[in-house]
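>>> this one's structure only:
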């Protein structure tokens, strides 16, 4: 939970279309939205796209902001969840190599934390594989509550569903995950073998092991 | 949070949060501010549901991406036609006429024009059916293919999806249950003009409506398309592929691409016959269009591939002349991975700057590891990279119906 979130005070101004207020909301929440989108998409580039689209969409639908309420972060994470959910399908429907607008790639962000980012991708993809049996709605609740730290009421606000549904989805998710252990998660983290024509960056960045170590570091990340 | 929550958090810990890459926060913020300041304020609008901006998310995003690439220089090291270019060697400025074409494509404009005119004549004879209602569910079964390791998803797959004509809902099966999603983008009010609606969200309806709004005279149609193309960031549509010697797209190619995009988005129901005929005739009037006949598509059917460059093809049914798919062929030289670039020493200034932020040991480690890596060959020129084809589409009463 972001305790420094000032967006509660900006709610009315954002709703009225105050660009400066929206700028402040962006400052307060962009990182959170970006990371939430990454956890859902497993792709830093796609996360950037979702983050950018989230704020454009938020601005466009600002009149939907309820007059009363707390932080705007749940609302933004809800938009991001929807966009991340639709991102791949929308990209697919509109996929047009000719127009080249909709497809999110895996282009690496070569910042000073590039190695860590590649580790993150391996880690989140391993989590996605481990959680593959979880229906998407339950995964989204898990992402909001467990990974983004929203409370049940906030997650309910984000997804536009009753609080009870959030609770039941999380409980169902936990039950389904059952006995899955960290060890199994590690096993799950093994990448499928590279195929001909596959271009990978992983070993150049993260070392040769190709597996998670105890700290969750990965060695090899297939780049598609 | 309760024990349940804590348990999940402990067992499925996500990576720690990261900041946006350096410089990116400010760029996106600036772009957002620019967007907001160019749109009417909610408090000033009198339109019902007012204050909505009808700019296309994708287009806005493309502008942001371009800004990021140009200013920060860190968005995409991969040099690929599908990405915003970071730097463009002189070879990219070669005229379009000198570009290479895959062997099987037929570059003869005469044949292309002939096929397209035949298509136009055929579809023009179709009965005009009324436009579906926005809530009409449409079932589609698509077959797609992605070259393993290059396109995502890889391999051949079949999927079924339901979408309302207005695009407000989509549905698919997951674990044996139909899952329905609502679009986060609100449908445009009826008063919105077709181009504004299309530029807001690409749905079957917005594509259909924009096709229906086009002039039927080819040159007039192309003038309208050119106006739309001019509003887009050229770099994002037509980056070219400097490594493969593929030049940036010409104006005519960009118009072809844009028209293709509309046709493809309407293809799930088919556009109005007159409009499709006009679009084909307009394509026939564009220079450099190629056709490839006798294609067996991924779904096993026959198709004609119409293209502006021989690599990206719009697939048309050779009998009905309906748009059935799109596909992309390899140029022979693919995007260069980061590791490949490091190993070869092909490091653009932007990446060099970022490398400078690392310690020497970190830098050396990256480069040494890159040099040890094996880089598989990219699929040869003309190899199918990705394709998506409609195997079946149908208007149905509800999601789950076929």
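Sure thing, it's come through. Here the structure is a predicted model, which means the values were calculated and not measured.
>>> point out where chain A drops to low pLDDT.
A:1-5, A:86-115, A:133, A:176, A:178-224 (pLDDT under 70).
>>> do any residues in the helix ranked longest in it lie close to chain B?
Taking DSSP state H as the criterion, chain A has its longest helix at helix A:19-41. Yes - using C-beta under 8 Å from any C-beta of the partner chain, helix A:19-41 reaches chain B at A:19, A:22, A:23, A:26, A:27, A:30, A:31, A:32, A:34, A:35, A:38, A:39. Placement of C-beta: from N, CA and C, glycine included.
>>> and that helix, what does it pack onto?
Helix A:19-41 sits against helix A:11-15, helix A:44-60, helix A:73-93, helix A:114-130, helix B:24-37, with contacts defined as 3 or more C-beta pairs under 8 Å, 6 or more residues apart in numbering or on different chains; DSSP states H and E.
>>> buried sites along it?
Of the residues in helix A:19-41, A:19, A:21-26, A:28-41 count as buried by neighbour count, 16 or more other C-beta atoms under 10 Å in any protein chain shown.
>>> also stretch A:142-156?
Quick answer for stretch A:142-156 (16+ other C-beta under 10 Å): A:142-152, A:154-156.
>>> endpoints of it, how far apart?
12 Å (C-alpha to C-alpha, to the nearest Å).
>>> rewinding a little: and the helices and strands packed on helix A:19-41: which comes nearest residue B:276?
With C-beta to C-beta as the measure, helix A:73-93 is the member of the helices and strands packed on helix A:19-41 nearest residue B:276 (18.8 Å).
>>> what's the pLDDT at residue B:302?
Residue-level confidence at residue B:302 comes out at 94, pLDDT.
>>> next, the contact list for it, please.
Applying C-beta atoms under 8 Å, 6 or more residues apart in numbering or on different chains to residue B:302 gives the contacts B:294, B:295, B:296, B:317, B:318, B:319.
>>> let's see 7 Å
Residue B:302 is in contact with B:295, B:296, B:318, counting by C-beta atoms under 7 Å, 6 or more residues apart in numbering or on different chains.
>>> let me see the contact set for the last one.
Residues near residue B:318 by C-beta under 7 Å, 6+ apart: B:302, B:303, B:304.
>>> how about a cut-off of 6 Å?
The contact partners of residue B:318, taken as C-beta atoms under 6 Å, 6 or more residues apart in numbering or on different chains, are B:302, B:304.
>>> can I assume it sits in a helix?
No - Residue B:318: not assigned to a helix; according to DSSP: H, G, I helix; E, B strand; the rest coil it is coil.
>>> separation between it and residue B:306?
11 Å (C-beta to C-beta, to the nearest Å).
>>> next: residue B:261.
13 Å.
>>> go on, residue B:313?
6 Å.
>>> what does residue A:61 give?
38 Å.
>>> look at the two and report which has more neighbours.
Neighbour totals were compared for residue A:61 and residue B:306, and residue B:306 leads with 26 against 17 (other C-beta atoms under 10 Å in any protein chain shown).
>>> which residue ranges of chain B form strands?
B:137-146, B:155-164, B:169-174, B:177-182, B:290-296, B:302-307, B:312-316, B:323-329, B:384-396 (DSSP state E).
>>> make CSV out of the ones you listed and add distance to residue B:122.
What follows is these, written out as CSV (distance: least, C-beta to C-beta, whole Å):
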stretch, distance to residue B:122
strand B:137-146, 22
strand B:155-164, 27
strand B:169-174, 31
strand B:177-182, 36
strand B:290-296, 15
strand B:302-307, 12
strand B:312-316, 10
strand B:323-329, 13
strand B:384-396, 18
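>>> by proximity to chain A, which residue of the stretch 1-150 of chain B wins?
In the stretch 1-150 of chain B, the residue that lies nearest chain A is residue B:149 (2.8 Å; C-beta to the nearest C-beta).
>>> my read: residue B:146 touches residue B:154, true?
Yes - contact status for residue B:146 versus residue B:154: in contact at 4.5 Å, counting by C-beta atoms under 6 Å.
>>> which residue of the two possesses the greater neighbour count?
Set side by side, residue B:146 and residue B:154 show more neighbours around residue B:146, with 21 against 17, by other C-beta under 10 Å.
>>> what's the domain layout of chain A?
A:1-107, A:109-224 (automatic domain parsing).
>>> residue B:392 and residue A:68: what is the separation?
Counting by C-beta to C-beta, the gap from residue B:392 to residue A:68 is 49 Å.
>>> of the two, who's got more company?
residue B:392 (12 against 6).
>>> let me see the contact set for the residue lying closest to that one once chain neighbours are set aside.
Distances taken as C-beta to C-beta, 6 or more residues apart in numbering or on different chains place residue B:141 nearest to residue B:392, at 4.5 Å, with adjacent residues excluded. By C-beta under 6 Å, 6+ apart, residue B:141 lies in contact with B:160, B:391, B:392.
>>> next one: residue B:345
Applying C-beta under 6 Å, 6+ apart, no residues contact residue B:345.
>>> still on that earlier bit, which among the helices and strands packed on helix A:19-41 is found nearest to residue B:11?
helix A:114-130 (9.3 Å).
>>> quick one: the closest one near chain B?
Yes - when contact is scored as C-beta under 6 Å from any C-beta of the partner chain, part of helix A:114-130 falls within range of chain B: A:120, A:123, A:127.
>>> now flag whichever of those residues is closest to chain B.
residue A:120 (3.9 Å).
>>> separation between the residue nearest to the closest one when sequence neighbours are not counted and residue B:166?
Excluding the flanking residues, the one nearest residue A:120 by C-beta to C-beta, 6+ apart is residue B:15, at 3.9 Å. Residue B:15 is 38 Å from residue B:166, where distance means C-beta to C-beta.
>>> and residue A:82, which of the strands of chain B is closest to it?
strand B:177-182 (7.7 Å).
>>> quick one: strands adjacent to the closest one?
If you go by DSSP bridges, strand B:177-182 pairs up with strand B:169-174 (antiparallel).
>>> run the angle between the partner strand and strand B:137-146 for me.
Counting by axes from the mean of the first three to the mean of the last three C-alpha atoms, to 10 degrees, strand B:169-174 lies at 60 degrees to strand B:137-146.
>>> circling back to that earlier point, farthest-apart pair in the buried residues of stretch A:142-156, please.
A:147 and A:156 (16.4 Å).
>>> closest one to residue A:83 among the strands of chain B?
The nearest among the strands of chain B, by C-beta to C-beta, is strand B:177-182 at 11.2 Å.
>>> same question for that closest one: list its buried residues.
In strand B:177-182, counting by 16+ other C-beta under 10 Å, buried: residue B:181.
>>> residue B:315: what's it in contact with?
For residue B:315, the contacting residues are B:297, B:303, B:305, B:324, B:325, by C-beta under 6 Å, 6+ apart.
>>> how much space between residue A:151 and residue A:31?
When distance is defined by C-beta to C-beta, residue A:151 is 19 Å away from residue A:31.
>>> typo on my end, it should be residue B:278
48 Å.
>>> kindly report the same for residue A:84.
16 Å.
>>> likewise for residue B:328?
From residue B:328 across to residue A:31, the span is 35 Å (C-beta to C-beta).
>>> what do you get for residue A:12?
24 Å.
>>> please apply the same query to residue B:15.
13 Å.
>>> over to residue A:11?
Taking C-beta to C-beta, one finds residue A:11 at 20 Å from residue A:31.
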